[in-house]
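Chemist: Output the structure for:
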Amino acid sequence: MLENSYHDQLPSSFYSEQAPVPVAAPEMFVYNHQLAADLDLPADWQDAKKAMAWLSGNMAVADSQPIAQAYAGHQFGHFTMLGDGRAILLGEIVKEDQRYDMQLKGSGRTLFSRKGDGRATLYSMLREYLISEAMHHLGIPTTRSLAVVKSGEKVQREYQHEGAILTRIAKSHLRVGTFEFARVYRSDEELKQLLDYSIQRHDPSLVGQEDVAMKFFQSVIDRQIDLVVHWMRVGFIHGVMNTDNTSIAGESIDYGPCAFMNAYHPDTVFSSIDRQGRYAYSNQPRIVHWNLAVLANALLPLLDQDEKKAIERVEAVLNEFPEMYRARYFSMMLNKLGIAQQKPDDAVLVQELMQLLAEHRIDYTNFFVSLRHDSITEKALLEDERFISWKQRWKEAHERDVPKGLQLMDENNPVVIPRNHLVEQALEEAVDGKMKPFNDLLEKLSQPYAQDQSLQEVPEGFDRLYQTYCGT
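Modeler: Numbering: from 1, shown residues only. I've put the predicted structure just below:
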């Protein structure tokens with residue numbers, strides 16, 4: 001069933017052959033039947049006992065060649081050697097010329113584990129399952145979650161937790177950090193092999209073209225801009241945008257300390273390890289730009305034999321990033337505002353609104369839904385002369401094409417997001433064996449744009465003390 005092109009087409013220096021470490025008493029906790037069907041998994045995968053044995057690592061999947069991938073990365077700006085310290089790539093599902101990695105996360109120690117135990121907690125794996133599936137239904141490129149299997153073992157963190165293994169599905173696990181690893185620790189020849197493999201995997205239309213390294217770099221830039229614009233659209237804060245979490249495929253990956261913003265403020269941070277606000281909501285575009293500069297540095301030997309010329313070339317492309325991002329960001333925000341016939345001056349409406357929402361701490365998600373239905377209730381905002389003026393000018397822009405504008409608002413403004421308090425409540429109940437809140441929330445998150453759902457309210461003061469954690 002599985003292939004492993006990563007194993008077959010790249011040098012062995014890019015991975016370590018490693019089978020998952022069996023667990024004591026596996027128990028299927030959550031299984032994504034719809035995703036299994038979408039991937040055209042064989043009928044055997046609907047057999048709970050077989051699926052549980054495969055996805056716990058206790059039985060080998062047919063044709064799998066399990067490996068732990070090598071990569072490096074800049075974590076909070078500091079370079080280090082990394083690799084899959086608690087994940088095993090079983091192989092790839094091939095469907096209609098698209099490859100999807102099947103990876104077990106929390107499957108035991110590997111060559112790259114350093115001091116880690118290679119395991120994961122049930123709480124953190126359920127969190128990734130919930131958020132990644134929510135992101136998918138929001139229409140945001142993301143890794144997916146096929147299953148969470150309880151291990152029957154305890155995992156020690158600040159205290160003992162139930163252990164679990166997540167099955168993650170991705171277009172690939174190639175990262176900016178994979179290219180950093182090749183550039184720093186391997187030869188230019190191996191770097192070229194990685195580039196060729198990445199192009200075959202994600203940009204096959206580029207095969208055989210001239211100046212292919214630059215064209216590949218531009219494709220990655222394009223995917224990353226689209227991704228971060230999506231994050232900004234729904235108020236998503238990744239929380240740990242290290243280069244090893246920057247996917248070449250342009251998917252959101254690694255849902256450790258991520259969260260969704262409720263009351264709007266550009267400096268919002270929830271991650272317990274982001275003490276300086278490096279990965280705050282409004283910093284995400286700048287960090288993507290920084291991470292792409294790191295990728296550019298890794299690609300230099302493939303861009304021109306003269307390093308000075310190579311640097312000049314990538315700098316010219318990187319210098320275009322701010323305007324490329326700005327154009328897509330403002331277009332997205334004007335879509336949220338229901339302005340179908342957009343004019344350059346409309347960007348001022350976005351800038352003024354964001355300032356007002358920040359000053360009044362207005363709920364980001366609820367505001368746009370309320371604006372669409374003319375049902376804003378925040379008294380302080382409604383009485384602010386600046387907002388009164390803003391709304392009149394917005395209305396004039398919106399009325400250029402009302403039907404299309406309303407359609408854009410419905411398509412771009414979710415009514416339901418994974419509210420932090422609901423996520424924590426669902427996870428705490430699930431870990432305690434009560435799955436109803438988890439399943440109910442998952443169901444609501446599968447229809448985030450359904451207009452018949454009521455606005456979500458956040459308990460007063462909840463976000464002020466709320467923190468998210470890496471899970472490692």
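
Chemist: Quick one: residues contacting the residue in the chain sticking out farthest from the centre.
Modeler: Centroid-distance maximum for the chain: residue 385 at 38.5 Å, with CA atoms, centre = their mean. Residue 385 sits next to no residue when contact means CB atoms under 8 Å, 6 or more residues apart in numbering. Using the backbone N, CA and C atoms, a C-beta is placed for each residue, glycine as well.

Chemist: I'd like the distance between it and residue 122.
Modeler: Residue 385 sits 52 Å away from residue 122, taking CB to CB, to the nearest Å as the criterion.

Chemist: And residue 466, by the same measure?
Modeler: Between residue 466 and residue 122 the distance is 21 Å, computed by CB to CB.

Chemist: ranges for the strands of this protein?
Modeler: Using DSSP state E, the strands found in the chain span residues 15-17, 27-31, 67-69, 72-75, 78-81, 87-95, 98-105, 120-121, 144-156, 160-170, 236-237, 259-260.

Chemist: mind checking which of the ones you listed is nearest residue 190?
Modeler: Residue 190 lies closest, by CB to CB, to one member of the strands of the chain: strand 15-17, at 12.3 Å.

Chemist: Tell me where the stretch 1-150 of the chain has helices.
Modeler: Under the criterion DSSP state H, counting those that start in this stretch, the stretch 1-150 of the chain contains helices at 5-9, 33-38, 48-56, 122-137.

Chemist: and the third one, what does it pack onto?
Modeler: Packed against helix 48-56 by the contact rule (3 or more CB pairs under 8 Å, 6 or more residues apart in numbering; DSSP states H and E) you find strand 27-31, strand 144-156, strand 160-170.

Chemist: what's the pLDDT at the closest residue to residue 470 other than its chain neighbours?
Modeler: Computed as CB to CB, 6 or more residues apart in numbering, the closest residue to residue 470 that is not its neighbour in sequence is residue 256, at 4.2 Å. On the pLDDT scale, residue 256 is placed at 88.

Chemist: same check, this time on residue 157
Modeler: As predicted, residue 157 sits at a pLDDT of 88.

Chemist: Now it. Nearest residue, chain neighbours left out?
Modeler: residue 121 (6.4 Å).

Chemist: Isn't the one you found up against residue 153?
Modeler: No: Residue 121 is beyond contact range of residue 153, at 10.7 Å (criterion: CB atoms under 8 Å).

Chemist: and for the two, which residues touch both?
Modeler: With contacts taken as CB under 8 Å, 6+ apart, residue 121 and residue 153 have residue 163 as neighbours in common.

Chemist: These two - which one has more neighbours?
Modeler: For residue 121 versus residue 153, neighbours defined as other CB atoms under 10 Å are more numerous around residue 121 (23 against 13).

Chemist: So what sits opposite that one in the bridge?
Modeler: Beta-bridge partners of residue 121, counted by DSSP bridges, are residue 163.

Chemist: circling back to that earlier point, looking at the helices of the stretch 1-150 of the chain, which is buried most?
Modeler: Mean neighbour count (mean count of other CB atoms under 10 Å) peaks for helix 122-137 among the helices of the stretch 1-150 of the chain, with a mean of 23.

Chemist: In PDB, list the C-alpha atoms belonging to that one.
Modeler: C-alpha atoms of helix 122-137 as PDB (Å, rounded to 0.1, in the frame of the first residue of the first chain):
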ATOM      1  CA  LEU A 122      -2.700  12.000  24.800                       C
ATOM      2  CA  TYR A 123      -3.700  15.600  25.500                       C
ATOM      3  CA  SER A 124      -1.200  17.100  23.000                       C
ATOM      4  CA  MET A 125      -2.000  14.600  20.200                       C
ATOM      5  CA  LEU A 126      -5.800  15.200  20.600                       C
ATOM      6  CA  ARG A 127      -5.100  18.900  20.400                       C
ATOM      7  CA  GLU A 128      -3.200  18.500  17.100                       C
ATOM      8  CA  TYR A 129      -6.100  16.300  15.800                       C
ATOM      9  CA  LEU A 130      -8.700  18.800  16.700                       C
ATOM     10  CA  ILE A 131      -6.900  21.900  15.500                       C
ATOM     11  CA  SER A 132      -5.600  20.400  12.300                       C
ATOM     12  CA  GLU A 133      -9.000  19.200  11.300                       C
ATOM     13  CA  ALA A 134     -10.500  22.600  12.200                       C
ATOM     14  CA  MET A 135      -7.900  24.300   9.900                       C
ATOM     15  CA  HIS A 136      -8.800  21.900   7.100                       C
ATOM     16  CA  HIS A 137     -12.500  22.800   7.300                       C
END
